[in-house]
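Colleague: Next one to model:
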Amino acid sequence: MIKRKLTKQVRVGNVQIGGGAPISIQSMSKSKTTKEIIKEIHRLEKAGCDLIRIAIPDFDHARQVKQIKSEINIPLIADVHYNYKLAIESMKQGADKIRINPGNIGGKEKVKEVIKCLKDYGVSMRVGVNSGSLEADLIKKYGKSTAPALSESILRWVKIIEDFDFDQMVLSVKSSDPCITIDAYRLVSNEVNYPLHIGVTATSGGLSGTIRSAVGIGTLLAEGIGDTIRVSLTGDPEEEVKIGNEILKSLDLRDEEIQIIACPTCGRCNIDVGALVQEVKEKLNSCRNEIPLPLRIAVMGCIVNGPGEAREVDFGVTGSGNKGVIFKDGKIIKKVAKNKIVDTLLEEIKNT
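Modeller: Next comes the predicted model:
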């Protein structure tokens, strides 16, 4: 079991970050108009997104916050760069959290103005530093973006913000390099007790982006580091949420009501494992209210690993010659024709 570092708790709307609260999943809207953003957020909510961020490039977008917030069910984060007044306007419109990069917001005095407004409205802030926004003196000192450079940058700003008597912040130090990201978060985690928003930035999309994100985020979470996550992919943000959920589930950091494990198949395989897994998923999801949850099922291609895997789950199925074998609690309970496997499995589950 993973032992998480206990960090300070920060509230974002009705979601708590840190302090032992469940690790939350974030994503960012990629739509343009208010109507499109709201529609996209509704889709992300259904996928399991806990917090949503929207870009605030100008005052028209800042004034969208009020309407968007009124039509969604999860906290809304305003992502602001360069113009500190956009952060202030977003708070006035009801944003639950502000994301800024202090290095590009215009200096200490403008950060101070943002903090004053944060206090007035009772809003929290994510302080983000990434490899593309390091201060010039740190680039000169380290020669390039490194984990120590990212750590020094964020810790510098933490001290400044604390001097302004503000501590409702979540920190992030992202790089597109998973190894730099991991080392940077380790350094920061050793120095401060603020909750950490973790992720690997600009990973591209598809298989490469998924793996880079899983390696960076998963490594840190396995070490107990991290309180909220965002998988940053080029493409549909719903994929970010789904992958984030799978990362948490794989580390037992988020409950999985229906878990299906399946073998990778080989020349011994006696059934179409891929098709069987898909059919089991679809039929279980269609009758969730009729089955005991949580539920773990193993779908194996042959009798070699079937019995062993079945001991670790509630039910298991495998191929054996021209038949299918169904296990319950590691014991064979039925042998059926292959075309009856799923229906028989569902019947046994429902009768549990």
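Colleague: The stretch 51-200 of the chain: helices as residue ranges?
Modeller: Assigned by DSSP state H, counting those that start in this stretch, the stretch 51-200 of the chain shows helices spanning 59-62, 65-70, 84-92, 108-121, 136-142, 147-163, 178-191.
Colleague: In JSON lines: those, plus distance to Glu240.
Modeller: Glycine gets a C-beta too; all of them are placed from N, C-alpha and C. Formatted as JSON lines, the helices of the stretch 51-200 of the chain follow (distance: least, C-beta to C-beta, whole Å):
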{"stretch": "helix 59-62", "distance to Glu240": "21"}
{"stretch": "helix 65-70", "distance to Glu240": "19"}
{"stretch": "helix 84-92", "distance to Glu240": "22"}
{"stretch": "helix 108-121", "distance to Glu240": "27"}
{"stretch": "helix 136-142", "distance to Glu240": "29"}
{"stretch": "helix 147-163", "distance to Glu240": "22"}
{"stretch": "helix 178-191", "distance to Glu240": "16"}
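Colleague: Using a markdown table, lay out those helices together with mean pLDDT and mean neighbour count.
Modeller: Conversion of those to a markdown table gives the following (pLDDT from 0 to 100; neighbours: other C-beta atoms under 10 Å):
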| stretch | mean pLDDT | mean neighbour count |
| --- | --- | --- |
| helix 59-62 | 96 | 17 |
| helix 65-70 | 97 | 17 |
| helix 84-92 | 96 | 22 |
| helix 108-121 | 94 | 17 |
| helix 136-142 | 91 | 13 |
| helix 147-163 | 95 | 19 |
| helix 178-191 | 97 | 20 |
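Colleague: and Val241, which of those is closest to it?
Modeller: Between Val241 and these, the tightest spacing by C-beta to C-beta is seen for helix 65-70, at 17.7 Å.
Colleague: what about dumping the CA coordinates of the closest one to CSV?
Modeller: Taking Å, rounded to 0.1, in the frame of the first residue of the first chain, the C-alpha atoms of helix 65-70 are listed here in CSV:
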residue,chain,number,x,y,z
VAL,A,65,-16.5,32.4,-16.0
LYS,A,66,-19.8,33.3,-14.3
GLN,A,67,-22.0,31.6,-16.8
ILE,A,68,-19.8,28.6,-17.2
LYS,A,69,-19.6,28.1,-13.5
SER,A,70,-23.3,28.3,-13.1
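Colleague: helices or strands next to it in the packing?
Modeller: Contacts defined by 3 or more C-beta pairs under 8 Å, 6 or more residues apart in numbering; DSSP states H and E place helix 65-70 against helix 34-47, strand 76-80.
Colleague: ok but Gly316 is inside a strand, no?
Modeller: Yes. Judged by DSSP: H, G, I helix; E, B strand; the rest coil, Gly316 forms part of a strand.
Colleague: which residues touch the closest residue to His81 other than its chain neighbours?
Modeller: Spatial nearest neighbour of His81, chain neighbours left out: Asn104 (5.5 Å); criterion: C-beta to C-beta, 6 or more residues apart in numbering. Neighbouring residues of Asn104 by C-beta atoms under 8 Å, 6 or more residues apart in numbering: 81-82, 133.
Colleague: what's the answer for Ile100, then?
Modeller: Applying C-beta under 8 Å, 6+ apart to Ile100 gives the contacts 80-81, 84, 87, 111, 114, 125-128.
Colleague: Since that was my last question, I'll sign off now.
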